[in-house]
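A.B. asks: got a structure for you, letters missing:
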C-alpha cells in the first residue's frame, strides 16, 4: 500500500513552482465538450482528478491527446448525442467534478446521465442547487439506476436563478448549461472564486457571452455555437497556500512561483498576522518564518474570505504557535477529521461544534497517520515535516488526487520524504536518512 514516510525537523528552503488550478481545470476540461472544434488547454495539473475526467471525456467519444505533460487537446466533435451519453465507471464515481459533465452535456446535447459525484468525505455536499439551476433552464432531472443523475430537455431557455447558498460547483455547472441556451440567464448569489472567473474566461474565449464572473451576479446571453480555443489555466491557489503554510510551520524560507498573489491575500494576511513574513512579487510570493509563531482566529468563508480548503493546513501551523487559536469552519461540517491524527503527534486541539480550539505546543512527535481527505492529508504531511522523528502517512490516494508531484516538490526544498509501497522500502528510507 502506497504511503509517505517522512523524517521531520528540517526547515524547508528553496523554490517551488505551482501547478495549474485543479478546481479550474476540472470545469474547463468539461467545458471543452461544448464545441465540436479542437480546444488546446495549457497548464493542466497532472493529478488523478484531471486524469479521471479526461478518461471519462474520451469514453464519451471525444478525441483526447496529451501534447505534453501539462497541455491537452480535446476535440468533442466525434461525440455522438442521444441516450448513449452515459458517464459511469469505478473511477468517475470517486471524483466530485464528475457533475460538470452533466452541465456541459446537457447544454450541448440536451441529455446527460452521469454517476453521482464522490470525492472527499468532508461533509454534506448536495447537488440540489445544480438540479435547481438545470430545472430553471427547462430540464427535467431524475436520480436513476442506482446513483445516476439523468438530465434532459427538449430546449434550454435562459432564466433567473437565485442560489440558496453560495456554491462553486453549481455556479460553474449552471454556466456550462446556460451558454448555449436560448436567451439570457442570470445567476444571483453566485460564487466568486478565481476558478469561476477562469472557467468563464475560457468559455468567453470559445465565443460565449458571460459577464459578471467574480461578482455575485453572473449574466449569460446564450449563443448558438462555440468554437475551439487555446487557453492556459490559472495557478492553483490552494497548492500555493499549502506550500506557504509548509514554509511557516517548518520555520523555512521558500519562494513560491507561478502564483497570482491577489488570490492568496486571505492566506498571506493570516500568516503575516501570526508572525511569518510574506513578501509579494508579480507572480510569486516568499514565505519566511523564524522563531515561534503567534496565535490567531480564523473563520472559513467563501472567496475572498479564508478558504475552507486551507483550514487544515493552517490548523497544523497554529498548533505549533504560541497561545490559543480558534478556527471556525462555516463551509463543511466534517472538516476536522484530521484532529484525532494530529492529537497522536501531541497537538492540543478540542473541537466544539463547528470550531476548533487550539492550544499551541512547541513541537510535534512523529507518528503513524492516516489521511482522511485531500486537504487534511496535505496538512498531515506538513505536520510530519515539522515533527521530531519519523512519521508515515497512509491513504495518500486522497493527496494524489489534488497535488502534482507533492513529494518531489518537497524533496526539492530539502524535505525528507519518500513515497513507498512496502515495509522494506520504508526501512531502507529510514536507514538512508538516519
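C.D. replies: Cool, the structure landed. Just so you know, these numbers come straight off a predicted model, no measurement behind them. Numbers count the residues shown, from 1 in each chain.
A.B. asks: Report pLDDT for residue 262.
C.D. replies: You'll see residue 262 listed with a pLDDT of 97.
A.B. asks: Can you classify it by secondary structure?
C.D. replies: Per DSSP: H, G, I helix; E, B strand; the rest coil, the secondary structure class of residue 262 is helix.
A.B. asks: give me the number of residues near it?
C.D. replies: 11 (other CB atoms under 10 Å). For glycine as for every other residue, the C-beta is placed from the backbone atoms N, C-alpha and C.
A.B. asks: Would you check how far apart it and residue 237 are?
C.D. replies: When distance is defined by CB to CB, to the nearest Å, residue 262 is 10 Å away from residue 237.
A.B. asks: now do residue 33
C.D. replies: 25 Å.
A.B. asks: ditto for residue 285
C.D. replies: Here the criterion is CB to CB. By it, residue 285 lies 11 Å from residue 237.
A.B. asks: for the residue lying closest to residue 372 once chain neighbours are set aside, helix, strand, or coil?
C.D. replies: Once flanking residues are discounted, residue 372 sits nearest to residue 337: 4.0 Å by CB to CB, 6 or more residues apart in numbering. Using three-state DSSP as the criterion, the local structure at residue 337 reads coil.
A.B. asks: repeat for residue 230
C.D. replies: Of the three states, residue 230 takes strand under three-state DSSP.
A.B. asks: so who does it touch?
C.D. replies: Residues near residue 230 by CB atoms under 8 Å, 6 or more residues apart in numbering: 39-42.
A.B. asks: helices or strands up against the host helix or strand of residue 72?
C.D. replies: Using DSSP states H and E, the element containing residue 72 is strand 71-75. In terms of contacts (3 or more CB pairs under 8 Å, 6 or more residues apart in numbering; DSSP states H and E), strand 71-75 is packed against strand 38-42, helix 48-59, strand 63-68.
A.B. asks: any chance of these in CSV, with mean neighbour count, mean pLDDT and distance to residue 395 too?
C.D. replies: Below are the helices and strands packed on strand 71-75 laid out as CSV (neighbours: other CB atoms under 10 Å; pLDDT from 0 to 100; distance: least, CB to CB, whole Å):
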stretch, mean neighbour count, mean pLDDT, distance to residue 395
strand 38-42, 20, 98, 30
helix 48-59, 20, 91, 13
strand 63-68, 13, 98, 28
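A.B. asks: Which one, of those, ends up nearest to residue 391?
C.D. replies: For those, the distance to residue 391 is smallest for helix 48-59, at 22.8 Å, taking CB to CB.
A.B. asks: Residues contacting that closest one, please?
C.D. replies: Helix 48-59 is contacted by residues 22, 25-26, 29-30, 32-33, 44, 64, 72, 74, 76, 87, 89, 91-92, 94-95, 97-98, 100-101, 397, 400-402 when judged by CB under 8 Å, 6+ apart.
A.B. asks: Filter these down to the ones in strands?
C.D. replies: Those of those mapping onto strands are 64, 72, 74, 87, per DSSP state E.
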